[in-house]
Each structure stands twice: as C-alpha cells, then as structure tokens.
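K.L.:
Model the following, please.
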Amino acid sequence: MKVIFRLVLALMSVAFLFKEVPAQVDQSKENLPVSVKDLRNAPAKIVLDGKSLSLSTYVGRDFMPGSWGHGGSPLMVGVKVATFDKQAFPSRARIDRIWVLFEEQIWASDYRGVPLTPSNSNKEGWIYCSNSPVCEASVQGGPQWRPGVLVDVVVRLIDKEGKHYLIQARRQEIKSSV
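P.N.:
Modelled structure (predicted):
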C-alpha cells in the first residue's frame, strides 16, 4: 500500500488551488452553476456521446516522517474515468472540475493543471480524454480531513458541444501512508 501511495504522490507533483465552499460553488463565465444537491445526486455511471463511463478514485494524505511535518500532507485526490467497453473516450471530452464532499464541507477546483498524461492536454491545460479508454487526473493541496473518513468525489466532464456531465464515486475512504 505504501508503494502505491508513494506512486500516487509522485504523480501528484503539481499543486492546485482549492477552497472550501459553502452551499453554492463559485462560478466563472465558462462554468454552469452547480448546487450541492446536484453534486450529491450525481450518478455513479454516465453515458457521454453513447459511451458508458465510470469513476474510480484514490483519496489520501501522507504522514511519512519528515515529509510534511507533524500534521501530515494536505488531501490529495487521483481520479480515473474509464469507458466500459475499453474503447477511446468520446471525441474532445474533457475533465474541467473536481469536487470532494465531506459532511457539509466541499473542496472544489477548476481543473486546469498538468495532466497525468501530458499528451492529453492542450495549451489551456484542459484534460482531454479522447486518446484512451481511461482519463486520469490528480489534484493536491486540499483540506486536512482525517484519514479513515468517507468522502464523495464528483468529477465534471464536458463534451465537444460544451454540455456538462457530473459523475460521482461515493463513500471513498481517505487513506493514510505512515
């Protein structure tokens, strides 16, 4: 488990700005409003351009001595959206936002960072998923919620027409490396 966690940490080398938000998530001109109800009700599986997709995650914090000090690392999340038929993603689909929900708290961000697979991004940093049956992204710098608690992770995908889709992985345990 420690080896896997270290690999995930190595892949999460770029910090992203996140913030905890109350009931309504902040919006930019490109983003549609998303309510807490929308996030909580997001399905575990979606169909985007005729392709069935599912979400898996890794959520964790690092408590290795010397790495982060006494309090451990901020929350880190890796997401993997996969097609059921193992074929390529719909053309020009992209990840643009990731939310993590813990009780009444939400950690949220626009995802415009460095992808795990650099060939899938464009100059704006969007994570395009069309070259592979699996689309991966990672974020770090989140709150210091305690290991062992369960969180819900929601990812927003946008198709080539600009339509937004939410997909959720419920009850994901925050892992700890020691």
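
K.L.:
Counting by contacts, list what the lengthiest strand in the chain packs against.
P.N.:
Secondary structure of the chain read by DSSP state E shows that its longest strand is strand 51-62. Packing partners of strand 51-62 (3 or more C-beta pairs under 8 Å, 6 or more residues apart in numbering; DSSP states H and E): helix 2-11, strand 45-48, strand 76-83, strand 150-158, strand 164-173, strand 175-177. C-betas here are computed from N, CA, C, even on glycine.

K.L.:
Chain neighbours aside, what residue packs nearest to residue 52?
P.N.:
Using C-beta to C-beta, 6 or more residues apart in numbering and skipping residues adjacent in sequence, the residue nearest residue 52 is residue 84, 4.2 Å away.

K.L.:
pLDDT score for residue 6?
P.N.:
As predicted, residue 6 sits at a pLDDT of 44.

K.L.:
where's residue 40 relative to residue 64, distance?
P.N.:
Using C-beta to C-beta, to the nearest Å, residue 40 is found at 33 Å from residue 64.

K.L.:
These two - which one has more neighbours?
P.N.:
residue 64 (15 against 12; other C-beta atoms under 10 Å).

K.L.:
residues in contact with that one?
P.N.:
Going by C-beta atoms under 8 Å, 6 or more residues apart in numbering, residue 64 touches 177, 178.

K.L.:
Test of understanding: give the bridge partners of residue 177.
P.N.:
Residue 177 has these beta-bridge partners by DSSP bridges: residue 62.

K.L.:
For it, the count of nearby residues, please.
P.N.:
By other C-beta under 10 Å, the residues close to residue 177 number 20.

K.L.:
Hmm, it is touching residue 72, no?
P.N.:
No: counting by C-beta atoms under 8 Å, residue 177 stays clear of residue 72, with 9.1 Å between them.

K.L.:
out of the helices and strands packed on strand 51-62, which comes closest to residue 140?
P.N.:
Counting by C-beta to C-beta, residue 140 lies closest to strand 76-83 out of the helices and strands packed on strand 51-62; the figure is 4.1 Å.

K.L.:
Does residue 39 lie in a helix or a strand, and which?
P.N.:
helix 36-40 (DSSP states H and E).

K.L.:
Since that was my last question, I'll sign off now.
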